[in-house]
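Fold the following for me, if possible:
(chains A and B)
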Protein chains: 2
Amino acid sequence: MNVSANLKTVDNGVNVEALLEAREALSEMPAAAEFTWRASCEWMGGVHSRSTVEGFFGLGEEKTHKQPFVFEADHPAEFAASDFGATPVEMVLSALASCLTAGVASVAQNRGIQLRSVKATVEGDMSLYGILGIDADVRNGFRTIRVNFEIDADASEEEIAAVVAQSQKRSAVFDIVTNPGNVKVAVV
Amino acid sequence: MNVSANLKTVDNGVNVEALLEAREALSEMPAAAEFTWRASCEWMGGVHSRSTVEGFFGLGEEKTHKQPFVFEADHPAEFAASDFGATPVEMVLSALASCLTAGVASVAQNRGIQLRSVKATVEGDMSLYGILGIDADVRNGFRTIRVNFEIDADASEEEIAAVVAQSQKRSAVFDIVTNPGNVKVAVV
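Take a look at the predicted model:
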């Protein structure tokens, strides 16, 4: 069986050919590769809010998702709140897990590795001494985040580890969480 | 009208008294202030995944939300994907907006400012040259994030700006996005 035939039998549901063609095309069109992603958040009372994701800008024009996606955020009863949604920090952990998982599927497809199952468990540690303002030396966000992957695939342990490593290298959310970011907050 | 009476007429739905009592109590109990938040992410095929948030650790014991919260993540059709959910980076923008909005409600309550409406619009710019591996000098995540608040409240512009500034200062997600984070990824 040659490599080409082998690739055809692998289907992780990622259209790697289209992505490679896009990379080829966009490498000559930096303006088309500029994307602006958006969310709109409405206060619902207390610490409960509702964010909606629908439109974005990319490939030189306004685009919309097939449907709007809504994220409810709140704090749990332990924070004297209504618990109508996940906490914002749990949303970040979900985003990190899903970004790395999408990367695992894409890289595996590109390397001809058939995935059977991928599960990521993410944990983030924080002391409330930061957000409650008890100790200025304690950060508000996570001190440490652990991502543990359980992957069942037609590949060796070394190949699977290499796929996960490459996913980290190309992950937008891994970059956002591990490196400093530039955020401008304004009242308009 | 004295300050105490004024505070009673302000209701943003945030139980600030309980939070101040928690801060007082936790300042003597650092172990109880240690929280671990979690998400569990399952690959659904392609770049589509489903994250579930339910249990967390805090106040010295295992806790659960009133119900599990589920986040679908995917890529849009422009990425040759199925668009069954928001992109992970849009989830991060939603988390940032919701964290800052919860802070605005809490700080306003603590300062006796009645909110009528709060809306945050968040935009993040990125070039696909990073995640597509076209240019190693381009980051995978956002180059810039802009958060714009529209706030209707019983307060001056200066007071509203000060509430938003204090919310940034105590926001877990603002810290996560603006400062470097420690993430350990493993295959188990």
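
Which strand residues bridge A:Val118?
Legend: beta-bridge partners of A:Val118 under DSSP bridges are A:Ile151.

what's the answer for the one 5 residues further on, then?
Listed by DSSP bridges, the beta-bridge partners for A:Glu123 are A:Arg146, B:Arg38.

again with A:Glu34
According to DSSP bridges, beta-bridge pairing links A:Glu34 with B:Ser127.

State the distance from A:Pro88 to B:Leu93.
Counting by CB to CB, to the nearest Å, the separation of A:Pro88 from B:Leu93 is 11 Å. All C-beta atoms are positioned from the backbone trio N, CA, C, and that covers glycine.

let me redo that: A:Glu62
Relative to B:Leu93, and taking CB to CB, A:Glu62 is found at 17 Å.

Which one of the two is surrounded by more residues?
Just comparing A:Glu62 and B:Leu93: by other CB atoms under 10 Å in any protein chain shown the higher neighbour count belongs to B:Leu93, 32 against 10.

What backbone torsions are found at the more buried one?
phi -60, psi -40 (degrees, to the nearest 10).

what residue is smack in the middle of chain A?
Nearest to the mean C-alpha position of chain A, by CA atoms, centre = their mean, lies A:Cys99 at 3.0 Å.

wouldn't it be in contact with A:Arg170 here?
No - counting by CB atoms under 8 Å, A:Cys99 does not reach A:Arg170; the two are 9.4 Å apart.

What's opposite A:Arg50 in the beta bridge?
A:Glu42, A:Glu72.

ok now do it, which residues does it touch?
Counting by CB atoms under 8 Å, 6 or more residues apart in numbering or on different chains, A:Arg50 makes contact with A:Cys41, A:Glu42, A:Met44, A:Val70, A:Phe71, A:Glu72, A:Ala73.

Quick one: buried ones out of those?
A:Cys41, A:Glu42, A:Met44, A:Phe71, A:Glu72, A:Ala73 (16 or more other CB atoms under 10 Å in any protein chain shown).

Which stretches in chain A count as helices?
Ranges of helices in chain A, per DSSP state H, are A:3-9, A:16-26, A:88-110, A:157-169, A:172-178.

tally of neighbours for the closest residue to A:His48 other than its chain neighbours?
Closest residue in space to A:His48, ignoring its immediate chain neighbours: A:Asp74 at 4.3 Å, by CB to CB, 6 or more residues apart in numbering or on different chains. A:Asp74: 26 surrounding residues under other CB under 10 Å.

what sits against A:Asp74?
A:Gly46, A:Val47, A:His48, A:Ser49, A:Ala81, A:Ser82, A:Asp83, A:Phe84, A:Gly85, A:Ala86, A:Thr87, B:Ala102.

coming back round to it: save the helices of chain A as TSV, and put in mean pLDDT and distance to chain B too.
TSV is the format used below for the helices of chain A (pLDDT from 0 to 100; distance: least, CB to the nearest CB, whole Å):
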stretch	mean pLDDT	distance to chain B
helix A:3-9	54	16
helix A:16-26	93	4
helix A:88-110	98	3
helix A:157-169	98	5
helix A:172-178	98	4
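
hey, which of those is tucked in deepest?
Neighbour counts (mean count of other CB atoms under 10 Å in any protein chain shown) averaged over each of the helices of chain A peak at helix A:88-110, with a mean of 28.

related to what we said a few turns ago, could I get the buried ones among the contacts of A:Arg50 as TSV with distance to B:Asn12?
Output for these, formatted as TSV (distance: CB to CB, whole Å):
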residue	distance to B:Asn12
A:Cys41	16
A:Glu42	14
A:Met44	11
A:Phe71	21
A:Glu72	18
A:Ala73	16
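
What's the local residue count around the closest residue to A:Glu159 other than its chain neighbours?
Closest residue to A:Glu159 apart from its sequence neighbours, by CB to CB, 6+ apart: A:Ile113 at 6.3 Å. For A:Ile113, the neighbour count with other CB under 10 Å is 21.

Return the distance of A:Phe71 relative to A:Ala102.
18 Å.

again, but for A:Tyr129
Computed with CB to CB, the distance linking A:Tyr129 and A:Ala102 is 34 Å.

again, but for A:Gly130
Taking CB to CB, one finds A:Gly130 at 30 Å from A:Ala102.

swap in A:Ser117?
Distance from A:Ser117 to A:Ala102, by CB to CB: 15 Å.

Give me the pLDDT value at A:Asn2.
With respect to pLDDT, A:Asn2 has a value of 43.

same deal with A:Leu128?
In this model, A:Leu128 is scored at 97, pLDDT.

That one touches B:Pro30, doesn't it?
No - in this structure, A:Leu128 is not within contact of B:Pro30 by CB under 8 Å, at 9.3 Å.

Between the two, which is the more surrounded one?
A:Leu128 (24 against 14).

check contacts around that one.
A:Ile134, B:Ala22, B:Leu26, B:Ala33, B:Glu34, B:Phe35, B:Gly58 are the contacts of A:Leu128 under CB under 8 Å, 6+ apart.

Most neighbours among these, which one?
B:Ala33 (25 neighbours).

Need the phi and psi values for the residue nearest to that one when sequence neighbours are not counted.
The shortest distance from B:Ala33 to any non-neighbouring residue, by CB to CB, 6+ apart, is to A:Leu128 (4.1 Å). Dihedral angles of A:Leu128 (phi, psi; degrees, to the nearest 10) stand at phi -70, psi -10.

ok, A:Leu128 to B:Ala32 distance?
Distance from A:Leu128 to B:Ala32, by CB to CB: 8 Å.

which residues are in contact with both of these two?
In contact with both A:Leu128 and B:Ala32: B:Leu26, B:Gly58, using CB under 8 Å, 6+ apart.
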